[in-house]
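Asker: The sequence isn't on hand, but the structure is:
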């Protein structure tokens, strides 16, 4: 008998007014769902013969199969089923935009809510971390060395896929901690860092070597990596270069890029200052400029750091916001104030150079532009002042130019993205592949993972040839 | 097993200034004058940028010279040869451009002398005529006098209080050299922002190309955070990837001076807490 319930099994969450004062995960309990709840939700899956959900997954997780294994109570098998195509299940279960991918295609969604595929993935991954010990996995090595630059979602996925096939993979990470955006960008309350660490430990168990403090382009050039015996190279260096608006006052004290703000808090644990040495400054009134997931993360961090009023200042309406609905919903619940159709025009400071007030204008939506979104137009005479002490720019990042600048012949777009062959991730240099935000500009974790997976396939082919 | 970067040698240059040689062969292999490293002592530590003072590619060591001003530099200064630090990443930033010049004035203020030294040394090796002027608060805070003598054609050492017999600022000596008709095709000024600003005012008038080195607050040092940004020629630049060297006449020094004290309060709190703990132990 198929479960006819139209709604997903609710996940348990911390009360918004409690959680906006701590950095603990929003979802309560380790796995979000109990085993009974997970089985109940899994029972909603129709186990379609031609599952549409899988088409929506950039890494091709065998969704109906793993859900069926939950129904039958074979949770470790369910985990291994996901792992066959996804190196980071616990991460994806939390940060994937399932509503626009797998769950968007689920037939249950045509009437009622789709199966909570994301929650189930998370449940299974967390169950594995909690109950199943990581066994060292013995894969016969094939003696071929591959270098992976960057240990974010693209690099980890590419490394994992290659290691499973016997390649000797070394990841070169610029920071002192592996994980890339999973560590420095996405906050603890959305993605606990211990969990990212566990996922990376799984890769180490597969034999992947992670070398930290390695800024490729400075300490090694790509040519030197090849000379060192790396037969192929994957560049997954992300989009780390923050954008600023170019308005007056952006260099006042109290203006941060979202990258800086989030890195101080997430990677350097500024929320534990002075126990940890890295500080961050958060005023009573904080404006976050932008409408993406990064903006939501920055706003919710600012609130947790003790800000009284935190504004999201976005120049279009909520409908155009690139952030996930879940993030917008969580931010609102936590008391973030949305100032939509509003754009900053300048930031003014005190005599000592600290941010004091931001001048904004109101916008209205005009004609549709190239990407189909309605272009915001300034309403004349709508200038108004917003008193804030902190301004966080979350208006996008572009790829870090370091590798491009130090690698002759590596073709890039004018905005910095590495040019690749779509299907393989092959760059203009033989044996050099790239994927993730370094190619696309800032996108999602799962798209980067998809690119890492594709490149791994292509690298295998290249090295077998 | 966690990899550590070992302290090979430690030498107190003055009561506040310490020189350390760190075992970091890969960094030493690539380091060039003008570049910097970022260190982190332990798991809870902050990332602190320091300009590379010297390097020995054969021995695989990088020399850093630092003033004990905050918690992290005090903590590092209290460590000894044989101990190790957790992270040491580099070389970061663009190397200094030192080609095609004939007569250069290298001006170092205080700890800035440690950054000016590798540049002077490199210039000397390129057979450039180097007049070096280095200034300190007093006689006891003078560092690298011997090394700078070797790395320059002529060396002038000034002290604010005149305790070494040559009272005045580096700018006073430099002004004097200019008034004597000395001609330079490049001035390299490295030291406190206020000193670099003063030098730039002099050289702007005299129309001499001037390069300064920024020592901004940073987190990652690879272009990610934007904390180290400054205005150069009306545009936002990042000290970590666009610098640390910049054309001095285009730098907005007043803004840079203001940004330098963003975390002054927190730095003081962190230091007080650190010293209080040491007191208890």
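Answerer: Structure received. What you see is a predicted model, and the numbers here were worked out from it, not measured in a lab. Residues are numbered from 1 along each chain as shown, chains lettered A, B, ... in the order given.

Asker: Tell me the helices and strands packed up against the strand ranked longest in chain A.
Answerer: Longest among the strand segments of chain A by residue count, using DSSP state E, is strand A:355-368. Contact analysis of strand A:355-368 by 3 or more C-beta pairs under 8 Å, 6 or more residues apart in numbering or on different chains; DSSP states H and E lists strand A:342-349, strand A:374-378, strand A:384-387, strand A:390-393 as its packing neighbours. Using the backbone N, CA and C atoms, a C-beta is placed for each residue, glycine as well.

Asker: Off-centre distance for that strand?
Answerer: Average the C-alpha atoms of strand A:355-368, do the same for its chain, and the two points are 28 Å apart (C-alpha atoms, centre = their mean, to the nearest Å).

Asker: related to what we said a few turns ago, among the helices and strands packed on strand A:355-368, show me which one is buried the most.
Answerer: For those, average neighbour numbers computed from mean count of other C-beta atoms under 10 Å in any protein chain shown are highest in strand A:390-393, which has a mean of 27.

Asker: Next secondary structure after that one?
Answerer: The C-terminal neighbour of strand A:390-393 among helices and strands, as given by DSSP states H and E, is strand A:397-398.

Asker: mind listing what that following strand pairs with, with the direction of each?
Answerer: In the sheet containing strand A:397-398, the strands it pairs with under DSSP bridges are strand A:241-242 (antiparallel).

Asker: what mean pLDDT does the strand it pairs with have?
Answerer: Per-residue confidence for strand A:241-242 averages out to 92 on the pLDDT scale.

Asker: Contact residues of the stretch 351-465 of chain A facing chain B?
Answerer: A:352, A:353, A:400, A:401, A:402 (C-beta under 8 Å from any C-beta of the partner chain).

Asker: right, and out of those residues, which lies closest to chain B?
Answerer: Chain B lies nearest to residue A:353 out of those, by C-beta to the nearest C-beta, at 3.7 Å.

Asker: Can you verify my assumption that the closest one contacts residue B:260?
Answerer: No - the pair residue A:353 and residue B:260 fails to qualify as a contact (C-beta atoms under 8 Å) at a distance of 10.2 Å.

Asker: In terms of neighbours, single out the busier of the two.
Answerer: A count of neighbours by other C-beta atoms under 10 Å in any protein chain shown puts residue A:353 above the other of residue A:353 and residue B:260, at 19 against 16.

Asker: Please, which helix or strand holds the residue nearest to the more buried one when sequence neighbours are not counted?
Answerer: Beyond its immediate neighbours in the sequence, the residue positioned closest to residue A:353 (C-beta to C-beta, 6 or more residues apart in numbering or on different chains) is residue B:258, lying 3.7 Å away. Taking DSSP H and E as the criterion, residue B:258 maps to helix B:253-259.

Asker: Enumerate every residue touching residue 271.
Answerer: Here I'm looking at chain A. For residue A:271, the contacting residues are A:23, A:265, A:280, A:301, A:304, A:305, taking C-beta atoms under 8 Å, 6 or more residues apart in numbering or on different chains as the criterion.

Asker: I was thinking of chain B, sorry if that wasn't clear
Answerer: Residues in contact with residue B:271 (C-beta under 8 Å, 6+ apart) are B:70, B:71, B:74.

Asker: one step back: list the helices and strands the helix holding residue B:258 packs on?
Answerer: helix B:193-206, strand B:229-232.

Asker: Looking at those, which is nearest to residue A:444?
Answerer: When the helices and strands packed on helix B:253-259 are ranked by distance to residue A:444, counting by C-beta to C-beta, first place goes to strand B:229-232 at 27.3 Å.

Asker: Just give me how far that closest one sits from the chain centre.
Answerer: Between the centre of strand B:229-232 and the centre of its chain there are 18 Å (C-alpha atoms, centre = their mean).

Asker: Also stretch B:34-49?
Answerer: Going by C-alpha atoms, centre = their mean, where stretch B:34-49 is centred and where its chain is centred differ by 15 Å.

Asker: do stretch A:328-342 as well
Answerer: Mean C-alpha position of stretch A:328-342 versus that of the full chain (C-alpha atoms, centre = their mean) differs by 20 Å.

Asker: one step back: enumerate the positions of the longest strand of chain A that are buried.
Answerer: Of all the residues in strand A:355-368, those buried under the rule 16 or more other C-beta atoms under 10 Å in any protein chain shown are A:355, A:356, A:357, A:358, A:359, A:360, A:361, A:362, A:363, A:365.
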